[in-house]
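# Take this sequence and fold it.
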Amino acid sequence: MLSICYECISIPIYSRLLNKASNSTSKVQIALLQRFVKQFGRHRIWVVLLNREFSNKARTSF
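Below is the predicted model:
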């Protein structure tokens, strides 16, 4: 899920159902970020927050 934060409220804007019981992969998470950038532009991203269990070099280099 990708959410935006507006006045301290998280608003989900994109999500993806997984066909498994575990967490999403880096590939899926990057695809959501790319979808956001395509629609709104990279300049709209101020900060990206990730849960600690999702830290990954692929996403931080994105």
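
# For the helix or strand that V37 is a member of, the averaged confidence score.
Secondary structure assigned from DSSP states H and E places V37 in helix 26-40. For helix 26-40, the mean pLDDT works out to 86.

# Just name whatever secondary elements it is in contact with.
strand 2-6, strand 9-14, helix 57-61 (3 or more C-beta pairs under 8 Å, 6 or more residues apart in numbering; DSSP states H and E). Backbone N, C-alpha and C define where each C-beta goes, glycine included.

# just checking, which of these comes out with the lowest mean pLDDT?
helix 57-61 (a mean of 60).

# list the contacts for Q39?
Contact partners of Q39, counting by C-beta atoms under 8 Å, 6 or more residues apart in numbering, are absent.

# ah, wrong one, I meant T25
So T25 contacts nothing (C-beta under 8 Å, 6+ apart).

# one step back: and the helix holding V37, how far out from the chain's middle?
Relative to its chain's centre, helix 26-40 lies at 7 Å (C-alpha atoms, centre = their mean, to the nearest Å).

# residues of it that come out buried?
29, 32-33, 36 (16 or more other C-beta atoms under 10 Å).

# Disregarding flanking residues, what is the spatial nearest neighbour of A31?
Excluding the flanking residues, the one nearest A31 by C-beta to C-beta, 6 or more residues apart in numbering is R16, at 7.9 Å.

# So for that neighbour, what's the pLDDT?
pLDDT for R16: 76.

# and it, how far is that from L50?
16 Å (C-beta to C-beta, to the nearest Å).

# Check L17 too.
L17 is 20 Å from L50, by C-beta to C-beta.

# out of these two, which sits in the more crowded spot?
More crowded of L17 and L50, by other C-beta atoms under 10 Å: L50, with 11 against 4.

# now K20: how far from K38?
26 Å.
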